[in-house]
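Asker: Sequence first, predicted coordinates after that:
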Amino acid sequence: MRLATVRTEAGTVAVAVVGDEVVDLGKAAPGLPGTLTGILALGQAGLDAVSAAIASGAARSALDTSALMSPIPDPPKFWAIGMNYAEHVRETGKPFPEFPTVFAKMPNTVTGPYVDVERPAVSDKLDFECELGIVIGKRCRHVSRERAHEVIAGFTIVNDYSVRDFQMRGGQWVLGKSFDGHGVVGPWLVTPDELDPHSLGIRTIVNGEIRQNSNTANLIFDCYKLIEELSSAATLEVGDLIATGTPGGVGVMEDRFLVPGDLVRVEIDGIGHVENRIVQEPAAKEWIDGPTASITG
Ligand SMILES: NC(=O)N[C@@H](O)C(=O)O
């Protein structure tokens, strides 16, 4: 099953994707929660209701890819893993990891699969990173590697856009990983019954040139080990996203950064692709919002 979130005039809508058509779940199954996170939180009952809606011959409309958002537009947490492919560890000259390198991408990064992505006004060191994304489907803690598959709602694609000079300064990664809109997620969530997450071809193609080309079989810490590691420290929530790390071939290694006009495509077999045009952030213009609420009554 492929589940997505689309933007409509009426707001965001959870849909089931069937071929190149979508079933609006809000209309087809009115009893279901209006968000994908809400549907996932119902567990198997939610997926059964979606299957029933699809099978009931509910109305379908053409898939408008420009309306696609991140399948989970507001994840409670956006975890990211570093140094999880030997080829990337080698190219960075870092030591082979004993444990997963964990960092976070802030919520402001989350954006849809086919949007423009800004090269910041404050840096020209914008880089790409293709990653398999995990979506958590059950609230959980201290999950063993053996049972980790039970808490996975599905898989998606992440492009972990990174601003390398901001990533390296001050000994932290989070700022360079958390520019607005630099967490491309999508195009949809694919449920685990449809694929084996550890045998998927994964590629980054920039302006038609293959820049990263690997397979998720090469993950050092596989999806289940990552869930065991993260849940040993934190309660994982329904809708949490985990970007599982990038293979070799990132631009910084060749001093080849993304520039405005570039077309950046990430493909993962069995899921699909995301694609972004790089645009220039006009200027580092200072702005401060007015009050966003007023005293009522
Ligand atoms: N170099 C770097 O930032 N890498 C990580 O994001 C990773 O995915 O390995």
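Answerer: That came through, no problem.

Asker: now the helix ranked longest in the chain, how far from the centre of its chain.
Answerer: Looking across the chain with DSSP state H, the single longest helix is helix 44-55. What separates the centre of helix 44-55 from the centre of its chain is 24 Å, taken as C-alpha atoms, centre = their mean, to the nearest Å.

Asker: hmm, who's touching that helix?
Answerer: 1, 3, 16, 18, 23, 25, 28-29, 31-33, 39-40, 42, 191 (C-beta atoms under 8 Å, 6 or more residues apart in numbering). Placement of C-beta: from N, CA and C, glycine included.

Asker: And the buried ones among these, selectable in ChimeraX?
Answerer: The buried residues among the contacts of helix 44-55 can be selected in ChimeraX (16 or more other C-beta atoms under 10 Å) with this line:
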select :1,3,16,23,25,28,29,32,33,39,40,42,191
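
Asker: Now, the contacts of helix 44-55 that are in strands?
Answerer: 3, 16, 18, 23 (DSSP state E).

Asker: Can I get those residues in CSV including distance to T92 and pLDDT?
Answerer: What follows is those, written out as CSV (distance: C-beta to C-beta, whole Å; pLDDT from 0 to 100):
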residue, distance to T92, pLDDT
L3, 35, 98
A16, 40, 98
V18, 41, 97
V23, 44, 97
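
Asker: Format those residues as a markdown table; extra columns: distance to the ligand.
Answerer: Output for these, formatted as a markdown table (distance: C-beta to the nearest ligand atom, whole Å):
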| residue | distance to the ligand |
| --- | --- |
| L3 | 25 |
| A16 | 30 |
| V18 | 32 |
| V23 | 34 |
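
Asker: circling back: residues of the longest helix of the chain that come out buried?
Answerer: 46-47, 49-50, 53-54.

Asker: Same check on stretch 203-211?
Answerer: Neighbour-count burial for stretch 203-211 [16+ other C-beta under 10 Å]: 203-206, 211.

Asker: hang on, the earlier thing: mind putting the ones in strands among the contacts of helix 44-55 into TSV with distance to T216?
Answerer: Shown next, in TSV, are these (distance: C-beta to C-beta, whole Å):
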residue	distance to T216
L3	20
A16	25
V18	25
V23	29
